[in-house]
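Student: could you look at this predicted model? Sequence included:
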Amino acid sequence: MNITEYIEKNRERFLEELFGLIRIPSISSIASHKPDMYRAAEYWKQLLIKGGADKAEVYETEGNPVVVGEKILNPAYPTVLVYAHMDVMPVDPIDLWNSDPFEPIIRDGKIFARGADDDKGQSFMHAKAFEYLVATGQLRCNVKFLIEGEEEIGSPSLGKFCADHKELLKSDVILVSDTSLIAQDIPSVTTGLRGLTYLQIEVTGPNRDLHSGLFGGAVANPAVILAKMLASVHDENNRITIPGFYDDVMDVSAEERALLAQAPFDPEKYKRSLAIGDVWGESGFSVMERTGIRPAIDICGIWSGYTGEGSKTVLPAKAYAKVSSRIVPNQDHHQVASLIKKYFESIAPPQVTVKVDVLHGGPAYVCPIALPAYKAAEKAFTDTFNKRPVPFRSGGSIPIISTFEKVLGVKSILMGFGLESDAIHSPNENYPLWNLFKGIETITRFYHHYGA
């Protein structure tokens with residue numbers, strides 16, 4: 001039985017198993033969901049054992065649990081370590097969802113739910129490709145699984161877990177599906193990821209909220225001050241103004257920029273899909289370059305004062321913002337966080353005080369396209385899609401990928417099958433069934449080529 005026949009025969013079972021995983025609200029950033037992390041871990045343990053793993057165990061970390069499973073066929077075979085995460089982002093704002101985020105439904109050929117793509121749908125593809133290869137006796141690799149529960153909060157516990165369990169996680173390559181295709185008809189392999197540093201800024205003015213009529217105009221409003229400070233981060237060319245920010249940014253050669261430009265991109269379609277009048281960003285760089293090879297700073301959240309229904313005439317005592325900086329190879333996320341922190345503290349006017357907390361971060365990553373595992377991925381995509389995949393640098397971040405290389409000494413191959421339209425991290429996250437099943441096919445073929 002070939003893989004497409006196996007998928008068709010087991011289609012309904014696959015979906016019900018995936019839906020069972022999605023129904024667990026494993027939100028790592030909310031402490032009250034800690035029990036759900038253990039439920040998700042146990043679900044993954046059983047999924048791996050039923051799929052043919054010799055063993056699978058739930059391990060404790062300093063934070064949320066991880067699941068490690070393995071099937072060792074022959075010490076002479078190459079070993080693939082599959083990495084994925086079982087945690088998901090919060091669902092707020094809940095009123096923008098068209099259905100219950102933890103009750104998956106299929107609509108217009110897509111699964112709608114939190115985690116449908118990121119990363120439950122994509123990680124599930126690996127479990128089913130593995131199941132097929134074991135069931136049909138076609139597996140010619142040793143396979144290990146590492147499923148963590150803190151990716152969405154920067155994997156703070158996984159680095160130590162890897163350092164403490166190097167032998168357990170020993171492998172020749174790490175395989176990950178947590179990225180995207182350029183389009184359904186344009187396969188791609190992600191060869192680079194931007195790094196990340198994430199901070200929270202707190203601006204404090206008066207010692208309490210004040211009446212905006214009695215004090216407005218005489219006391220500095222922290223919300224206004226914070227807005228001005230945030231706006232100062234970019235100049236008129238949308239270049240970041242923080243001193244020293246670009247010091248370690250490597251210029252990408254004209255040759256590599258030309259290769260990146262070969263990736264299909266329709267700016268008008270891009271704007272229509274986002275309902276925006278025009279794009280925005282650093283002058284002198286294309287949209288693909290702005291998100292792939294250049295660093296960026298964005299406001300991820302900002303709040304202050306009264307935000308409920310109706311009006312309340314208040315001059316707030318505090319204002320807050322959550323800020324992310326996407327960094328590129330050669331930038332150090334600790335150094336960038338220090339520069340941002342120093343900048344906001346230095347520009348604070350005397351009427352307010354500023355506190356900056358660094359929440360999490362991780363370095364950027366680049367994968368050489370000459371690796372045997374990359375070539376196996378390239379052949380697998382070509383077999384499934386009938387066209388060679390485009391090497392692509394993603395603007396997203398998976399901080400643990402660089403940690404794997406540093407701690408385990410192993411490169412990662414990023415075989416993602418999501419789409420920009422999947423709305424990951426947003427209301428109405430979704431994942432096309434077509435991508436789910438094509439992903440299982442492609443991953444199966446990766447093992448054929450890599451095992452050979």
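Tutor: Looks like it arrived, so ask away.

Student: quick one: what helix or strand has the residue lying closest to Ala348 once chain neighbours are set aside in it?
Tutor: Once flanking residues are discounted, Ala348 sits nearest to Val354: 4.2 Å by Cβ to Cβ, 6 or more residues apart in numbering. Glycine gets a C-beta too; all of them are placed from N, C-alpha and C. Element membership for Val354 (DSSP states H and E) is strand 353-362.

Student: can you list the buried residues in that strand?
Tutor: Neighbour-count burial for strand 353-362 flags 354, 356, 358-362 (criterion: 16 or more other Cβ atoms under 10 Å).

Student: quick one: it to chain centroid distance?
Tutor: Its chain's average C-alpha position is 20 Å from that of strand 353-362, according to Cα atoms, centre = their mean, to the nearest Å.

Student: cool, and stretch 180-197?
Tutor: The answer for stretch 180-197 is 11 Å, by Cα atoms, centre = their mean.

Student: likewise for stretch 163-170?
Tutor: Between the centre of stretch 163-170 and the centre of its chain there are 23 Å (Cα atoms, centre = their mean).

Student: the residue nearest to Ala348: what's it in contact with?
Tutor: 201-204, 229, 344-345, 348 (Cβ atoms under 8 Å, 6 or more residues apart in numbering).

Student: which residues are in contact with stretch 13-20?
Tutor: Residues contacting stretch 13-20 (Cβ under 8 Å, 6+ apart): 7, 43, 47, 104, 106, 111, 113, 120-121, 124, 128, 436.

Student: for that stretch, buried residues please.
Tutor: Neighbour count says stretch 13-20 has 14-15, 17-19 buried, by 16+ other Cβ under 10 Å.

Student: hmm, which of the contacts of Val354 are the buried ones?
Tutor: Using 16+ other Cβ under 10 Å, the buried ones in those are 201-204, 229, 344, 348.

Student: all helices of the stretch 101-250 of the chain, in order?
Tutor: Along the stretch 101-250 of the chain, counting by DSSP state H, counting those that start in this stretch, helices occupy 120-135, 158-164, 212-215, 222-231.

Student: what's the closest of those helices to Trp303?
Tutor: helix 222-231 (8.8 Å; Cβ to Cβ).

Student: that closest one vs strand 353-362, what angle?
Tutor: Calculated by axes from the mean of the first three to the mean of the last three Cα atoms, to 10 degrees, helix 222-231 forms an angle of 50 degrees with strand 353-362.

Student: helix 222-231: what's the following helix or strand?
Tutor: Next along the chain from helix 222-231, counting by DSSP H and E, comes helix 254-261.

Student: and the average pLDDT for that following helix is what?
Tutor: Per-residue pLDDT over helix 254-261 has a mean of 80.

Student: OK, contacts around Ile24?
Tutor: Ile24 neighbours (Cβ under 8 Å, 6+ apart): 36, 39-40, 43, 102.

Student: and for Pro349, the neighbour number?
Tutor: Using other Cβ atoms under 10 Å, Pro349 is surrounded by 11 other residues.

Student: from the contact counts, what lies against the helix or strand of the chain at the bottom of the mean pLDDT ranking?
Tutor: Among the helices and strands of the chain, helix 254-261 carries the lowest confidence by mean pLDDT, DSSP states H and E, at a mean of 80. In terms of contacts (3 or more Cβ pairs under 8 Å, 6 or more residues apart in numbering; DSSP states H and E), helix 254-261 is packed against helix 287-292.

Student: so for the next helix or strand after the helix it packs on, what gets flagged as buried?
Tutor: Under the assignment DSSP H and E, the closest C-terminal helix or strand after helix 287-292 is strand 296-304. If you call a residue buried by 16+ other Cβ under 10 Å, then strand 296-304 has these buried ones: 296-297, 304.

Student: show me the chain divided up by domain.
Tutor: Here the domain parsing of the chain from automatic domain parsing is 3-193+364-451, 195-249+295-362.

Student: where do the strands of the stretch 1-150 of the chain begin and end?
Tutor: Under the criterion DSSP state E, counting those that start in this stretch, strands of the stretch 1-150 of the chain are mapped to 55-59, 66-71, 79-85, 105-107, 110-112, 142-148.

Student: can you tell me which of those strands is most buried?
Tutor: Of all the strands of the stretch 1-150 of the chain, strand 142-148 has the most neighbours on average by mean count of other Cβ atoms under 10 Å, namely a mean of 26.

Student: which neighbours does that strand have in its sheet, and in what orientation?
Tutor: Strand 142-148 has the following strand partners under DSSP bridges: strand 66-71 (antiparallel), strand 79-85 (parallel).

Student: alpha carbons of the first one, as PDB, please.
Tutor: What follows is the C-alpha trace of strand 66-71 in PDB, where atoms were taken according to Å, rounded to 0.1, in the frame of the first residue of the first chain:
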ATOM      1  CA  VAL A  66       8.400  17.200  27.200                       C
ATOM      2  CA  VAL A  67       7.800  13.900  25.500                       C
ATOM      3  CA  VAL A  68      10.600  11.800  24.100                       C
ATOM      4  CA  GLY A  69       9.900   8.700  22.000                       C
ATOM      5  CA  GLU A  70      12.100   6.500  19.800                       C
ATOM      6  CA  LYS A  71      12.300   3.600  17.400                       C
END
